[in-house]
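Participant: how does the following fold in three dimensions:
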Amino acid sequence: MSDNLDETSKKPRRIIEQKGIPLTAEMIGVCLSHLQRTGEGMSQAYTKLSMPDMKIERIDVIENYRHLRFINFSKNLIEDISPLSGGLLNNLVVVDLSQNRIKNPFIAKRPTLQVLNLSENRIEDLDEDSFLHPLLSSLNLNGNRINKLSGLSPPTMPLRFLEVRANNLTTCEGLNPNLEELDLAGNLITDLSGLTSCQNLLRLNMSYNQIENFSSLPSGSLSSLVELDLSHNKISDIKELDSLELLPRLRHLKLLGNPFAAELEDNYRIEVLAHIPTLDRLDGKKVTDEELQMAVEMTEQREEEERQRKEEERLQKEEEERLKKEEEDRIREEEEQRIREEKEQEELRRKEEEEERRRKEEEEKERLEREAAEAEAKTEAEAEAEAEAEAEAEAEPESRDETEQEEANEQEDSILGSTEREESQEQMDAEQDEEPDEEPEEDYQEDADPDEEEDDDEEYE
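Facilitator: Predicted structure coming up:
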């Protein structure tokens, strides 16, 4: 942002696009060089045009120079490169269009074009037909705004050198299988999965990216790789370097600028060589025999420590397994004991239930017998009562007649007795009136039988 601010005012300053000039025949005539025999062999012509940093904006006139093989229009103000697609420019071999204002990189198929430099322009997108040149072997796209590679993967394209530094790439997808040198530094790449097809790659620059590990490194890929630059990434664990053992021909490696390198400090080189002892150069510096020896000793020491650790782990595992087995046996025995106790309790409960059932059956049987006996006794009693009732019913008329007769007799006796007593009393009263001093009547009254008096009273009543 400071590049766009005026240092005195600290206010945004206006960026004015510099205006260029059109290319003319006079300008071309001054800059032509390399007089060579033409393709027909009958005449000679200039084959090289070098016009860097001349503020050229339009190149329309260039399409008339059909013998040109080398063109250098770097550091100009060119936006439109369609004149290079003219039908007469079929001898182009090297074209340098770096540091211009190009957005569309398309140039019609040039049968002899081998080297194309489009670095530091304003290219954002690549199309499948952007690079159809059958002999193109070197392409420079550094310093653009490309976020995805396209149009570079056809195996028929003999592309061997590709530079796409300082762009906006996030993956390595879309690469050509014929590549031998690849520069993808300064992007936003996080993994190496797109390098699967690059079996011929010899040199790879992945510095200043976002790589944290090599888990995405395809197994068996990059088998020809000799030089690898992974400096200034985000590798924090040195154990990630073990994955680089999959690169059998790797000899030159750069790793400085990663978090793990800062942590290791003075032991950094020895630690790296302990993981990759086949290196000849590390971070541009030759590996010494002393460093290799120290790395070998460190490796042996670590192998011994690893062996001891594994042995300890084995013993610990055996002890854990033994304890586990003992615990399992204990649990199994407890479970078996619990099952036995449950069976015993179940058997006891079953016996108690059986006894209870039998007791209830006996009680029920006794109750039923008792009820049957009571019912039988009741039936007998009822039969006796019924027989008695019948007998009484049979005897009731005679008894009633006798009773009535007795009552009649008693009533008659009572009436007769009462009459006799009255008569007797009258007679006695009369006699007393006649003979008041005679004793015999008193004696007679005294000697009267009490039982007779009582009978008389009953009859009276």
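Participant: C-alpha only now, for contacts and for neighbours.
Facilitator: Will do.
Participant: would you mind finding the longest helix in the chain?
Facilitator: helix 289-434 (DSSP state H).
Participant: for burial, what's the neighbour tally of the closest residue to residue 254 other than its chain neighbours?
Facilitator: Leaving aside its sequence neighbours, residue 254 sits nearest to residue 283 (Cα to Cα, 6 or more residues apart in numbering; 4.2 Å). For residue 283, the count of nearby residues is 16 (other Cα atoms under 10 Å).
Participant: isn't residue 283 up against residue 261?
Facilitator: No - using Cα atoms under 8 Å, residue 283 is not in contact with residue 261, being 11.4 Å away.
Participant: shared neighbours of the two, anything?
Facilitator: Shared contacts of residue 283 and residue 261 (Cα atoms under 8 Å, 6 or more residues apart in numbering): residue 255.
Participant: that older thread, contacts only, for the residue nearest to residue 254.
Facilitator: Per Cα under 8 Å, 6+ apart, neighbours of residue 283: 252, 253, 254, 255, 256.
Participant: number of nearby residues for residue 54?
Facilitator: 15.
Participant: er, residue 241 actually
Facilitator: As a burial measure, residue 241 scores 18 neighbours (other Cα under 10 Å).
Participant: quick check: it is in a helix.
Facilitator: Yes - when DSSP: H, G, I helix; E, B strand; the rest coil is applied, residue 241 is found to be in a helix.
Participant: from residue 99, how far out is the closest residue to it other than its chain neighbours?
Facilitator: Using Cα to Cα, 6+ apart and skipping the chain neighbours, the partner closest in space to residue 241 is residue 275 (6.5 Å). As judged by Cα to Cα, to the nearest Å, residue 275 and residue 99 stand 42 Å apart.
Participant: from residue 145, how far off is the residue nearest to residue 254?
Facilitator: Distance, residue 283 to residue 145, using Cα to Cα: 29 Å.
Participant: so where's the stretch 251-400 of the chain uncertain?
Facilitator: 396-400 (pLDDT under 70).
Participant: how about a cut-off of 80?
Facilitator: Low-confidence segments of the stretch 251-400 of the chain (pLDDT under 80): 392-400.
Participant: ditto for the stretch 1-150 of the chain
Facilitator: 1-18, 38-42.
Participant: where's the most centrally placed residue in the chain, which helix or strand?
Facilitator: Residue closest to the average C-alpha location in the chain (Cα atoms, centre = their mean): residue 215, at 21.8 Å. Per DSSP states H and E: residue 215 is located in neither a helix nor a strand.
Participant: what about residue 233, distance to residue 53?
Facilitator: Distance, residue 233 to residue 53, using Cα to Cα: 35 Å.
Participant: starting at the chain centroid, how far to the longest helix of the chain?
Facilitator: Here the centre of helix 289-434 is set off from its chain's centre by 60 Å, with Cα atoms, centre = their mean, to the nearest Å.
Participant: ok, residue 120 - contacts?
Facilitator: 98, 99, 100, 141, 142, 143, 144.
Participant: just give me the closest of these to residue 61.
Facilitator: Distance to residue 61 across those (Cα to Cα) is lowest for residue 100, with 17.8 Å.
Participant: hey, where'd the strands end up in the stretch 101-250 of the chain?
Facilitator: Ranges of strands within the stretch 101-250 of the chain are 115-117, 138-140, 161-163, 181-183, 203-205, 227-229, based on DSSP state E, counting those that start in this stretch.
Participant: packing partners of the first one?
Facilitator: So that's strand 115-117. Applying 3 or more Cα pairs under 8 Å, 6 or more residues apart in numbering; DSSP states H and E, we find strand 115-117 packed against strand 94-96, strand 138-140.
Participant: element containing residue 253, please.
Facilitator: Using DSSP H and E, residue 253 falls within strand 252-254.
Participant: so in that sheet, which strands flank that strand, and in what orientation?
Facilitator: Using DSSP bridges, the strands paired with strand 252-254 are strand 227-229 (parallel), strand 281-282 (parallel).
Participant: who wins for proximity to residue 180 among the ones you listed?
Facilitator: Closest among these, once you apply Cα to Cα, is strand 227-229, at 10.8 Å.
Participant: give me the mean pLDDT for that closest one.
Facilitator: Averaged over strand 227-229, pLDDT sits at 97.
Participant: need the residues that contact it.
Facilitator: Identification of contacts with strand 227-229 by Cα under 8 Å, 6+ apart yields 202, 203, 204, 205, 206, 207, 250, 251, 252, 253, 254, 255.
Participant: let's see 6 Å
Facilitator: 203, 204, 205, 206, 207, 252, 253, 254 (Cα atoms under 6 Å, 6 or more residues apart in numbering).
Participant: okay, residue 242: pLDDT?
Facilitator: In this model, residue 242 is scored at 87, pLDDT.
Participant: okay, now the nearest residue to residue 276 once chain neighbours are set aside: neighbour count?
Facilitator: Counting by Cα to Cα, 6+ apart, residue 276 lies nearest to residue 245, which is 6.7 Å off, once chain neighbours are set aside. With neighbours defined by other Cα under 10 Å, the count for residue 245 comes to 13.
Participant: residue 340 now?
Facilitator: By other Cα under 10 Å, the residues close to residue 340 number 12.
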